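**Student:** Kindly generate the corresponding structure for this input.
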Amino acid sequence: MTWSKGHVPNTRVVSHVPGWTIFDNLFVFNGTVFVVTDFPSSIPNRLTITSTAVDIFNGEDAVNSRTPGNREMRVVSTDQAQRLFGSSAELMDGVTWLVNDPPQFITHYYHWAAELFFGFWRTYSSLDTGIDEMGRSTLPALRRIFFAHVDAAHWRDYALMNQWILRSAFPSLATEYSYDWEDRAAMGRPIMLDRVIFTDRAAAMHGKHFSSTGRTASEPSVLPGSEHWWSTIRANVVRVCGLDPNVVGDMEQTPVITYISRQEWGRRMLIQEDHERLVEELYKLRDSFGYEVNVVSMDKLSRAEQFALAARTTIMMGVHGNGLTSLLWMRPSPRATVMEFFFPGGFARDYEYTTRALGMVHYGFWGDEYFTSPDTPEQAYPPGFQGTSIPIDGAVVARLCHERLMLQ
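**Tutor:** Predicted structure coming up:
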């Protein structure tokens, strides 16, 4: 695209919360991101947009190492842009997702699906507050994704779930990686991105909602949005598994209880006797009330089977662990519930926050005690949290399941 002297297209901030920014007309030149505007005070603090994309660790030096400079992002006037770019740029039209993160967290199913992808879609879907229960949306499909600091071999998780989600959600998507980013920089030509969702985990950590939840995806929760915002993604993923998203998980169907067992994992496991009693109590529910009960190890199922089972599930339960990421594919309803088992005194917000963000109910368990929002404990990882002696009272769990399934 070309422009006359002094008429470089201005960058517009369409939406912004820390770590999650939608831009129109964002420029990239020699590997640096440029915001072009004659009103620099209208641009959010750079610290809440981008970072140096190094691995994230605790400590003052680590925090300082993530602070962005002019190499990462510059805000320039139209006159400065004219001198830098000349009178033309390569236009990349459509919607781009620019991921400014290292592979550190991307290669983990939960952090990819329930944080990065979750936050991306919550941000982008804020532009369509009319998304309905079946996921119908007027938003243009994502055209491409840039992994600016990740190569093609280091964005997939060990369970191979990440790519399934991305490819099923956006079948026509093009992906570019760090080598492509470097190739484009070496060409010495400015690029203008038509519309871009710019995401940065380190930048999101400067937000107040992250401070209270520990979840980077919590920042976009303050943006406008439909209560069915996630339905678009769920519908696409479920459809690829051969299920009808209009039907699966409906409250008119037989309730489905799914217990995700970790008894063969070697860590974060129930006391074996408690596991056996829990299974016994769940089967009593099945025999007494006709509920469908599934006791599964997710790693024993194919990816399609995992997504399909989760999509049909009304109540999902298990010890804190990656398998609970499947709650993303449950259909929200008054009965939809996640029950998470912790070592007494321990608590992590990962799945609790994600459950609530989808409009479902989460219960944490310490043996025969349980709690739910807003009366959740402080995050804690006491000795025993990662161990193989986590207690659970199966009768209490079963009783709560039946109470939840009586709701209309």
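**Student:** Give me the spatial nearest neighbour of residue 175, chain neighbours excluded.
**Tutor:** residue 145 (5.2 Å; C-beta to C-beta, 6 or more residues apart in numbering). Using the backbone N, CA and C atoms, a C-beta is placed for each residue, glycine as well.
**Student:** Next secondary structure element downstream of whichever strand or helix holds that neighbour?
**Tutor:** In this assignment (DSSP states H and E), residue 145 forms part of strand 142-147. Later in the chain than strand 142-147, the nearest helix or strand by DSSP H and E is helix 161-169.
**Student:** name the helices or strands packed onto that next one?
**Tutor:** The contact analysis (3 or more C-beta pairs under 8 Å, 6 or more residues apart in numbering; DSSP states H and E) places helix 161-169 against helix 231-240, helix 303-312.
**Student:** ok, back up a step: partners of the strand holding residue 145, with directions?
**Tutor:** Taking DSSP bridges as the criterion, strand 142-147 forms sheet pairs with strand 90-99 (parallel), strand 174-176 (parallel).
**Student:** about what we covered before: please name whichever of the helices and strands packed on helix 161-169 is nearest to residue 276.
**Tutor:** Checking the helices and strands packed on helix 161-169 against residue 276 by C-beta to C-beta gives helix 303-312 as the closest, at 21.7 Å.
**Student:** can you give me the angle the closest one makes with helix 231-240?
**Tutor:** 130 degrees (axes from the mean of the first three to the mean of the last three C-alpha atoms, to 10 degrees).
**Student:** who touches the helix or strand following helix 303-312?
**Tutor:** As assigned by DSSP H and E, the chain's next helix or strand after helix 303-312 is strand 315-319. Identification of contacts with strand 315-319 by C-beta atoms under 8 Å, 6 or more residues apart in numbering yields 255-262, 268-270, 310, 324, 326-327, 330, 335-342, 390, 397, 401, 404-405.
**Student:** Which strands or helices does the next helix or strand along the chain from strand 315-319 pack on?
**Tutor:** Going down the chain from strand 315-319, the next helix or strand is strand 337-341, by DSSP H and E. On a contact count with 3+ C-beta pairs under 8 Å, 6+ apart, strand 337-341 meets strand 315-319, helix 350-357, strand 361-366, helix 394-405.
**Student:** Figure out which of these is closest to residue 58.
**Tutor:** helix 350-357 (17.7 Å).
**Student:** so residue 26 makes contact with residue 13?
**Tutor:** No. Between residue 26 and residue 13 there is no contact under C-beta atoms under 8 Å: 9.5 Å.
**Student:** Between these two, which has more neighbouring residues?
**Tutor:** Applying other C-beta atoms under 10 Å to residue 26 and residue 13 shows that residue 26 carries more neighbours, namely 26 against 17.
**Student:** For the more buried one, what are phi and psi?
**Tutor:** Residue 26 adopts backbone torsions of phi -90, psi 130, taken as degrees, to the nearest 10.
**Student:** Quick check: bridge partners of it?
**Tutor:** Beta-bridge pairing for residue 26 (DSSP bridges): residue 193.
**Student:** Residue 366 too?
**Tutor:** Assessed by DSSP bridges, residue 366 has beta-bridge partners residue 369.
**Student:** residues contacting it?
**Tutor:** By C-beta under 8 Å, 6+ apart, the contact list for residue 366 reads 342-346, 391.
**Student:** neighbouring contacts of stretch 295-304?
**Tutor:** Stretch 295-304 has contacts (C-beta under 8 Å, 6+ apart) with 159-161, 164, 240-242, 258-264, 279, 282, 306, 309, 323, 326.
**Student:** Can I get the buried part of those as one PyMOL selection?
**Tutor:** Applied in PyMOL, the following selects the buried portion of the contacts of stretch 295-304 according to 16 or more other C-beta atoms under 10 Å:
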select buried, resi 159+161+164+240+241+258+259+260+261+262+279+282+306+309+323+326
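**Student:** circling back to that earlier point, which one of the contacts of residue 366 has the most neighbours?
**Tutor:** Of the contacts of residue 366, residue 342 is surrounded by the most neighbours, 25 neighbours in total, counting by other C-beta under 10 Å.
**Student:** Tell me how far that residue lies from residue 294.
**Tutor:** For residue 342, the distance to residue 294 equals 22 Å [C-beta to C-beta, to the nearest Å].
**Student:** Between the helices and strands packed on helix 161-169, which one is closest to residue 98.
**Tutor:** Closest approach to residue 98 among those (C-beta to C-beta): helix 231-240, 18.9 Å.
**Student:** can you state the direction angle for the closest one and helix 161-169?
**Tutor:** 100 degrees.
**Student:** Remind me what helix 231-240 packs against, helices and strands.
**Tutor:** Applying 3+ C-beta pairs under 8 Å, 6+ apart, one finds that helix 231-240 contacts helix 118-125, helix 161-169, helix 303-312.
**Student:** Would you reformat the ones you listed as a markdown table and include distance to residue 150 and mean pLDDT?
**Tutor:** Formatted as a markdown table, the helices and strands packed on helix 231-240 follow (distance: least, C-beta to C-beta, whole Å; pLDDT from 0 to 100):
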| stretch | distance to residue 150 | mean pLDDT |
| --- | --- | --- |
| helix 118-125 | 15 | 98 |
| helix 161-169 | 11 | 95 |
| helix 303-312 | 21 | 95 |
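**Student:** Quickly compare those and say which is most buried.
**Tutor:** helix 118-125 (a mean of 24; mean count of other C-beta atoms under 10 Å).
**Student:** where's the residue lying closest to residue 158 once chain neighbours are set aside relative to residue 101, distance?
**Tutor:** Excluding its sequence neighbours, the residue lying closest to residue 158 (C-beta to C-beta, 6+ apart) is residue 107, at 7.6 Å. Residue 107 is 11 Å from residue 101, where distance means C-beta to C-beta.
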